[in-house]
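Novice: give the three-dimensional model of this entry:
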Amino acid sequence: MTPPTAATPEPLVDLVIRDVAVLDCTGAEPSGRSDVIVRDGKIDSIHRAGEGATVRGAREVDGAGTTLMPGLTDAHVHFALIGNKGDHGDEPLINHVLRVAAYIDGALDEGFTTVRDAGGLEPAWARAVESGLVRGPRILPSGSVLSQTGGHGDDRAAHEAIHRQATIPGLIAKHVIVDGADEVRRAVREQLRRGATQIKLLASGGIVSPTDPFDSVQFSAGEIAAAVEVAAGWHTYVLAHCHTSPAIDVAIENGVRSIEHGSLLEEKTAKRMKELGVFMVPTLQTIDLLVAHPEWWSLPPEKVARLNEVQAEAAKSVKLADEVGVQVASGSDVVGPWQGHRGEELVIKARLIGSHKAILSATAVNAELFRMADRIGTVEAGKEADLILVSGEPLDRVELLADPDCVPLVLKGGRIVKDAAGRAAA
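Specialist: Residues are numbered from 1 along each chain as shown. Model prediction:
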């Protein structure tokens, strides 16, 4: 007997989505109303509304008053960091499992159809979603993040000698502390063996870590190059947590593809990122949350002061990256019980670079970063039908993307995974 699944989606049927404005995220402005045909889980064709586009046996979807656009993507989620301080929490493991499953499920309802988990989520969770055991977006897991002794991921207090956390293969992916190129190689190989689709390094200090200076440069050129070499052998890449330009410089000169945060970016570094084709994933939403609620992380006054400086500099860095021509991608980095409303990242970013570029960062640009631009990120014939309907016009009101109630319908691979307003006729 076939075991039941917890997230059985609607069956795959052909669809005709009627009377929608199409924001295709190719860079073009929406024009008029359209009918969009979805066949075999892919976008088949786009027609002017009312010109008689039909498919025998197709299910009709009422798009009146809505905008059709690609499913949103997020390049920096942490589904498994459920604790109040952005850790894995200290609840019983069954509670941990249920909370993680709920966060994964909720992201799909927000309109996110593909996400890159930037560390902490065991790759087994991605396989559980793929098999239908858990309802959620497509997940690209990074597995355990690699940190150096005393680095951003070393969460011991200065007086502690023993690490409190340990990975549980198949369930929880805690940070791995590695020193030297050989240890880095072994750790990268282990993450890839367990199912990581890319590798995450912590290559600079952090705002909330207990012992390392925020502006410290972590991992040597040789250590970073070793990670990149092993990842490339598996046809994948390395992303690196870097807040400052000195740390970014070491990372990008040694092959890192994706810089996370980039909060204090200098023009020389930005131009080099552009030359090398390195992506920047600013995480503005989590910085705003930290500034608004430093008590959540028990931050001392000196770190609160530093955090306010970082908030102002991060906004300047996004503007600089955009002006120089760096590919600005999109990641929210929200952790703990404040996960949800990931679209708020786009609202914050839109104030800096405009709504259209902010939306492109979470669709077409992320798709290129993920090396999935041939599959997702735009509304074009032949692409997978990862699509959402938005109640209104997100180019004019980008805040619609921060409200799950304004995303009444979600398609993932052509299957209806959310239909809150009953727009898909039976």
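Novice: what is the mean pLDDT for the helix or strand hosting Val291?
Specialist: Element membership for Val291, per DSSP states H and E: helix 284-292. Mean per-residue pLDDT for helix 284-292: 91.
Novice: check which residues of it are buried.
Specialist: By neighbour count with 16 or more other Cβ atoms under 10 Å, helix 284-292 contains the buried residues Leu284, Gln285, Thr286, Ile287, Leu289, Leu290. C-beta: built from backbone N, CA, C; applies to glycine.
Novice: can you check stretch 313-323 too?
Specialist: Burial within stretch 313-323, assessed by neighbour count using 16+ other Cβ under 10 Å, is assigned to Glu313, Ala314, Ala315, Ser317, Val318, Leu320, Ala321, Asp322.
Novice: out of those residues, which two sit at the greatest distance?
Specialist: Of all pairs drawn from the buried residues of stretch 313-323, the one with the largest separation by Cβ to Cβ is Glu313 and Asp322; the distance is 15.0 Å.
Novice: for the helix or strand following the helix holding Val291, which helices and strands make contact with it?
Specialist: Going down the chain from helix 284-292, the next helix or strand is helix 301-324, by DSSP H and E. Packing contacts for helix 301-324, counted by 3 or more Cβ pairs under 8 Å, 6 or more residues apart in numbering; DSSP states H and E, involve strand 258-264, helix 267-276, helix 284-292, strand 327-328, helix 344-353.
Novice: need these in JSON lines with distance to Val188, can you?
Specialist: JSON lines is the format used below for these (distance: least, Cβ to Cβ, whole Å):
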{"stretch": "strand 258-264", "distance to Val188": "15"}
{"stretch": "helix 267-276", "distance to Val188": "21"}
{"stretch": "helix 284-292", "distance to Val188": "26"}
{"stretch": "strand 327-328", "distance to Val188": "24"}
{"stretch": "helix 344-353", "distance to Val188": "28"}
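Novice: mean pLDDT for these: which is lowest?
Specialist: Ranked by mean pLDDT, the helices and strands packed on helix 301-324 end with helix 284-292 at the bottom, a mean of 91.
Novice: shaky segments in the stretch 101-250 of the chain?
Specialist: Where the stretch 101-250 of the chain drops to pLDDT under 70, the residues are 154, 156, 158, 161-165.
Novice: how about the helices in it?
Specialist: With DSSP state H, counting those that start in this stretch applied, the stretch 101-250 of the chain shows helices at 123-131, 181-194, 221-233, 245-253, listed in chain order.
Novice: columns mean neighbour count on top of those helices, output as TSV?
Specialist: Output for those, formatted as TSV (neighbours: other Cβ atoms under 10 Å):
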stretch	mean neighbour count
helix 123-131	19
helix 181-194	18
helix 221-233	19
helix 245-253	22
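Novice: dump the ones you listed to TSV, plus distance to His356.
Specialist: Rendered in TSV, the data for the helices of the stretch 101-250 of the chain read as follows (distance: least, Cβ to Cβ, whole Å):
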stretch	distance to His356
helix 123-131	30
helix 181-194	36
helix 221-233	32
helix 245-253	26
